[in-house]
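Trainee: The amino acid sequence is not available; the structure is as follows:
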Ligand SMILES: CN(C)C(=N)NCCC[C@H](N)C(=O)O
């Protein structure tokens with residue numbers, strides 16, 4: 001099993017993550033809190049109340065976890081294609097896989113990464129939703145002191161299953177949308193590249209960016225539900241399950257609720273995934 005794809009997936013994911021985290025914080029807050037009037041209002045309030053650091057809350061854990069999550073996604077995707085088409089990453093330019101194979105491999109990668117991502121994503125969302133400024137003497141301290149304290153508190157209160165709150169919604173979000181992600185990337189690369197040639201850096205940037213946008217547009221409705229289920233039991237009401245969360249969110253806030261964070265998700269997706277794919281392709285090319 002070629003291991004380079006796992007390492008390239010890790011490094012490229014970390015680069016994309018740092019670039020996209022401030023957008024991600026704004027998105028999570030818009031999806032789970034009703035105090036903001038929109039993206040700009042959320043950014044201004046976060047900056048005023050918490051300074052620039054507020055945008056980077058909850059980032060240390062994803063940076064550590066991206067090693068597992070992105071390497072599983074890219075590693076499983078590439079190795080699934082190897083099983084389905086008997087071609088390595090280098091051979092796939094001369095013998096491109098069918099879109100059906102790309103979709104199946106993407107869904108497989110998405111399904112497996114969702115389970116690795118679930119506890120890390122839960123902790124990220126809980127920390128991003130703590131709007132208290134850094135602890136000042138006399139002020140009420142935030143509920144979680146950091147990622148380890150957050151994980152330990154959830155574990156103590158709810159046991160190991162608590163760390164997988166929202167995992168179902170995450171799996172449903174990521175399985176098909178990661179198929180869409182890789183199909184869009186492959187399709188765009190092939191449109192702008194001569195047969196058998198390696199796509200240029202510009203093509204990889206644009207294809208990666210649009211793959212990110214397309215997949216996140218498709219993922220946003222379940223992303224909203226996932227974030228709400230992860231926050232349930234804390235500030236908001238507890239939901240009876242995924243369906244209950246969908247129905248009660250739509251009843252209380254209208255169908256528009258499923259598109260909360262769509263603009264910021266798309267704005268974030270382009271640079272994050274352009275950089276992720278560019279570094280992934282370059283690393284694999286340089287390792288031959
Ligand atoms: C729609 N979904 C879930 C995805 N496209 N997931 C792939 C993740 C890529 C990158 N780390 C990101 O956060 O955009």
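Mentor: Now that the structure is in, tell me what you want to look at. All values reported here derive from a predicted model rather than from experimental measurement. Residues are numbered from 1 along each chain as shown.
Trainee: Spell out which parts of this structure neighbour the ligand.
Mentor: Proximity of the chain to the ligand, by C-beta under 6 Å from any ligand atom, involves residues 13, 16, 174, 177-178, 181, 212, 215-216, 219, 269, 272-273, 276. (C-beta placed from N, C-alpha, C; glycine too.)
Trainee: Quick one: these as CSV, columns for neighbour count, pLDDT and distance to residue 151 too.
Mentor: Converted to CSV, those look like this (neighbours: other C-beta atoms under 10 Å; pLDDT from 0 to 100; distance: C-beta to C-beta, whole Å):
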residue, neighbour count, pLDDT, distance to residue 151
13, 26, 82, 21
16, 26, 86, 24
174, 28, 97, 21
177, 21, 98, 26
178, 27, 98, 25
181, 31, 98, 28
212, 27, 97, 28
215, 27, 97, 28
216, 26, 96, 26
219, 24, 96, 25
269, 25, 93, 27
272, 24, 90, 25
273, 28, 94, 28
276, 28, 91, 26
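Trainee: Using the three-state scheme, assign residue 132.
Mentor: At residue 132 the chain is in coil, as set by DSSP: H, G, I helix; E, B strand; the rest coil.
Trainee: and it, what does it touch?
Mentor: 50, 139, 140, 141, 142 (C-beta atoms under 8 Å, 6 or more residues apart in numbering).
Trainee: surely the first one meets residue 131?
Mentor: Yes. Here residue 50 reaches residue 131: they are 7.0 Å apart, a contact under C-beta atoms under 8 Å.
Trainee: More neighbours: which of those two?
Mentor: residue 50 (18 against 15; other C-beta atoms under 10 Å).
Trainee: do you know how far the more buried one is from residue 156?
Mentor: Note on residue 50: its distance to residue 156, by C-beta to C-beta, to the nearest Å, is 27 Å.
Trainee: do the same with residue 91
Mentor: Counting by C-beta to C-beta - residue 91 and residue 156 are separated by 50 Å.
Trainee: nearest to the ligand, of the contacts of residue 132?
Mentor: Lowest distance from the ligand to these (C-beta to the nearest ligand atom) belongs to residue 50, with 22.3 Å.
Trainee: and the residues of the chain next to the ligand as JSON lines, adding secondary structure?
Mentor: Formatted as JSON lines, the residues of the chain next to the ligand follow (three-state DSSP):
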{"residue": "13", "secondary structure": "helix"}
{"residue": "16", "secondary structure": "helix"}
{"residue": "174", "secondary structure": "helix"}
{"residue": "177", "secondary structure": "helix"}
{"residue": "178", "secondary structure": "helix"}
{"residue": "181", "secondary structure": "helix"}
{"residue": "212", "secondary structure": "helix"}
{"residue": "215", "secondary structure": "helix"}
{"residue": "216", "secondary structure": "helix"}
{"residue": "219", "secondary structure": "helix"}
{"residue": "269", "secondary structure": "helix"}
{"residue": "272", "secondary structure": "helix"}
{"residue": "273", "secondary structure": "helix"}
{"residue": "276", "secondary structure": "helix"}
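Trainee: and of the residues you listed, the nearest to residue 246?
Mentor: residue 219 (14.6 Å; C-beta to C-beta).
Trainee: With adjacent residues omitted, what lies nearest to the closest one?
Mentor: residue 177 (4.3 Å; C-beta to C-beta, 6 or more residues apart in numbering).
Trainee: Residue 45 contacts residue 36, doesn't it?
Mentor: Yes. Between residue 45 and residue 36 there is a contact under C-beta under 8 Å: 6.6 Å.
Trainee: Many thanks, we can stop here.
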